[in-house]
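Enquirer: Let's see this in three dimensions:
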Amino acid sequence: VLFPDTKSFWAPLHGAKPEDVFVVAEDSSGVAAIRQPPGAAAEMFANGITQGNVPFYAGHGLLGVVPVIVHPNPERILLIGIGSAGTPYAAGSNPATKQIVAVEIVGAELDMLRMFAVEDGGQPIQKFLADPRYQIVVGDGRRELALTDEKFDIIQADAIRPWTSHSGLLY
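Expert: Next comes the predicted model:
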């Protein structure tokens, strides 16, 4: 009776004000949230750490688009880390790409993205989620890569901040 609902609990911890659009999801893998003040970009969090923006951060766009422009035939792509969907969205920009396997370890991010996609400003995420070329997998990208027999033309890791502790274990 005294414990708040999920949104009421997490909103102040993510700096959300009552006038902000705030979407949150949580499961056993973590907490994912998007906070969008009126007239501003949405900021996406995974376990309390900023991971991306909508409109998408230019750096994520470059991570996704450069490999598919440089590769002569980028038919099959594996992306590790979805975040706010900026990198996978940009990776889908080449019409030659037939399949994009996007792996995300924080499963709550996918629920959060689905909820935010219907909000004003969520159109790029709607487009990403509706594109049939994407196969979204909840899991550890290293494990998925180690266990698959599939071959990929591009493997892109945009999973965590490379300057943070223990990120070298992933990269």
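Enquirer: C-alpha from now on. contacts and neighbour counts both.
Expert: Will do.
Enquirer: Return the distance of G52 relative to A58.
Expert: Distance of G52 to A58, given as Cα to Cα, to the nearest Å: 10 Å.
Enquirer: Which one's more surrounded, these two?
Expert: Shown here are G52 and A58; by other Cα atoms under 10 Å, G52 has more neighbours (23 against 14).
Enquirer: okay, and the common contacts of G52 and A58?
Expert: Residues touching both G52 and A58 (Cα atoms under 8 Å, 6 or more residues apart in numbering): none.
Enquirer: for the protein, what are the low-confidence residue spans?
Expert: Within the chain, the ranges that satisfy pLDDT under 70 run 1, 159-171.
Enquirer: quick one, longest helix in the protein?
Expert: Taking DSSP state H as the criterion, the chain has its longest helix at helix 58-70.
Enquirer: Which positions in the helix or strand just after that helix come out as buried?
Expert: Counting by DSSP states H and E, the next helix or strand C-terminal to helix 58-70 is strand 76-80. Across strand 76-80, burial judged by 16 or more other Cα atoms under 10 Å covers 76-80.
Enquirer: Quick check: closest non-adjacent residue to the spatially most central residue of the chain.
Expert: The centroid of the chain falls nearest to G83 when counting by Cα atoms, centre = their mean (2.2 Å). Of all residues not flanking G83 in the chain, Q51 sits nearest, at 5.9 Å (Cα to Cα, 6 or more residues apart in numbering).
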